[in-house]
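Q: Any chance you could fold what I've pasted below:
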Amino acid sequence: MFREQSLMNIPNDDCLWPLRFIFQNLYKIKVTNFIIKKMLTNLTILLIIQTYLFLRENSGSYFLKFLPAFAGSFFFLASYYSTPIIGKCVFDAIENAQLWQLNTSSPKLTKQVRREAFFTNLVGIVASILAILSATAIGLPSGDKKDFMFFLAIYESFTPIWKRLVLWNHTFDIAFVALVAIAPCYNVIYLLTHVRLQCLMLLHHVRNLNCDYKFSNLFDLFHDDKYQRTIEERLKFCIIRHSILLSILNKVRNELQHFIVIFATTGAVLFISIAVFCYSFEGNLRNEYKSLLLLVLIGALTCGHVVVSGQLIENVTFDHYEILRTVEWDCWNTRNKNLFVIYLQNSREIFKIRFTENLSVNFLLGISIVRALFTAFSLMRQLQLSRKE
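A: Predicted coordinates for the structure are as follows:
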């Protein structure tokens, strides 16, 4: 303890290797990177064409018919554009960081961090599978989907000769659409989970700053030069480690701050577009129930996982400060006390992923989202009942 630890060899012994394998390869492999760029180009062209059609038709019914899919597409456009940027920023930050291996002097702590890594990987894999199933169920052409999916209607009208080829290309892209849509969220989860696990191991050191000396006489310790040097070395070790972990989080947050606003906006538009579709669609939704259920499930799972990860990183940085406040420093000399004050001051910063000054990714955001969902669906239900009357 309080010595240089064995470092994690990224990517060979990455404890979150399934998330890395799935989401890093989306932009790192040339083929998948090309597919993402192709999908970004295709969707941009389709949105431009549909904007022109809205202006040409100048019809309220036509506008409402394709508006939900059109508005929701901007979330996917943001995902296509940002996935390589966010992915490179996050994975490079982790690769360049000096992460400890998940082996500690405490078997209980080792078991805890390995268990958290396992469940993070498990949820990520399940979310990826559900995302592919959801995209397949919703995106593949079938039934009357061309009546509300504007891109299928465009394929039908503008490429009758090449329709089959275009649809094959669309079908091939479906799996990538799903993974790219959740990739920005899971890139952030990957980063937060790694740093949280490192923080938990650092907290084990903080709790044991006075280990081996707990039952010694305070007066003797104050005049014990060896003890004071030991505490100084331990404090410096923890301060440096804490600053390294905090700098990783702050660096990535500062680089990706503008994407938080973009995804908050486009995610809200996507939700509103789904609600408007459920309310305004006049066809038979029974065939689409499973597709919509899968979409809601993957949305809830991904959003919930991000919220939990944001709350847990807040908790561990708050616990760091609270544990420091309980450290017995009465028998330390002036130099060590000054170091401790610096450490305590640095630890007062609770890391948060902020949308605004008062809104962060945590449980309060999750509660706000659930309330908004409940309010929106209650309103949609009342509008449907009033329309039937």
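Q: so how far is the lengthiest helix in the chain off the chain centroid?
A: In the chain, taking DSSP state H as the definition, the longest helix is helix 225-280. Distance of helix 225-280 from its chain centroid, counting by C-alpha atoms, centre = their mean, to the nearest Å, is 10 Å.
Q: What is the helix or strand following that helix packed up against?
A: Of the helices and strands lying after helix 225-280 in sequence (DSSP states H and E), the nearest is helix 289-325. Helices and strands touching helix 289-325, by 3 or more C-beta pairs under 8 Å, 6 or more residues apart in numbering; DSSP states H and E, are helix 107-139, helix 163-207, helix 225-280, helix 334-346, helix 363-388. C-betas here are computed from N, CA, C, even on glycine.
Q: do you know which of these lies nearest residue 87?
A: With C-beta to C-beta as the measure, helix 163-207 is the member of those nearest residue 87 (5.3 Å).
Q: quick one, the closest one and helix 225-280 angle?
A: Calculated by axes from the mean of the first three to the mean of the last three C-alpha atoms, to 10 degrees, helix 163-207 forms an angle of 150 degrees with helix 225-280.
Q: helices and strands around helix 163-207, which ones?
A: Right, helix 163-207 is packed against helix 17-28, helix 30-57, helix 60-96, helix 107-139, helix 150-158, helix 225-280, helix 289-325 by 3+ C-beta pairs under 8 Å, 6+ apart.
Q: tell me, which of those is the model least confident about?
A: When those are ranked by mean pLDDT, helix 150-158 comes last with a mean of 79.
Q: elements contacting the longest helix of the chain?
A: Packed next to helix 225-280, using 3+ C-beta pairs under 8 Å, 6+ apart, are helix 60-96, helix 163-207, helix 289-325, helix 334-346, helix 363-388.
Q: From the contact count, pick out the helices and strands touching the first one.
A: Yep, that's helix 60-96 we're talking about. helix 17-28, helix 30-57, helix 150-158, helix 163-207, helix 225-280.
Q: could those helices be laid out in JSON lines, adding mean neighbour count?
A: Shown next, in JSON lines, are the helices and strands packed on helix 60-96 (neighbours: other C-beta atoms under 10 Å):
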{"stretch": "helix 17-28", "mean neighbour count": "19"}
{"stretch": "helix 30-57", "mean neighbour count": "14"}
{"stretch": "helix 150-158", "mean neighbour count": "18"}
{"stretch": "helix 163-207", "mean neighbour count": "21"}
{"stretch": "helix 225-280", "mean neighbour count": "17"}
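Q: Of those helices, which is nearest residue 68?
A: Set against residue 68 and scored by C-beta to C-beta, the helices and strands packed on helix 60-96 come closest in helix 225-280, at 3.6 Å.
Q: got the angle between the longest helix of the chain and helix 334-346?
A: Inter-element angle recorded for helix 225-280 and helix 334-346: 0 degrees (by the same axes, to 10 degrees).
Q: Can I get stretch 39-48 in CSV, CA atoms only?
A: The C-alpha trace of stretch 39-48 is given here as CSV (Å, rounded to 0.1, in the frame of the first residue of the first chain):
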residue,chain,number,x,y,z
MET,A,39,-24.8,6.9,-43.0
LEU,A,40,-24.1,10.5,-42.0
THR,A,41,-24.0,11.6,-45.6
ASN,A,42,-27.1,9.6,-46.5
LEU,A,43,-29.1,11.0,-43.6
THR,A,44,-28.1,14.5,-44.3
ILE,A,45,-29.2,14.2,-48.0
LEU,A,46,-32.5,12.6,-46.9
LEU,A,47,-33.2,15.4,-44.5
ILE,A,48,-32.5,18.0,-47.1
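Q: Now do that stretch: distance to the chain's middle.
A: The mean C-alpha position of stretch 39-48 is separated from the chain mean by 25 Å, C-alpha atoms, centre = their mean.
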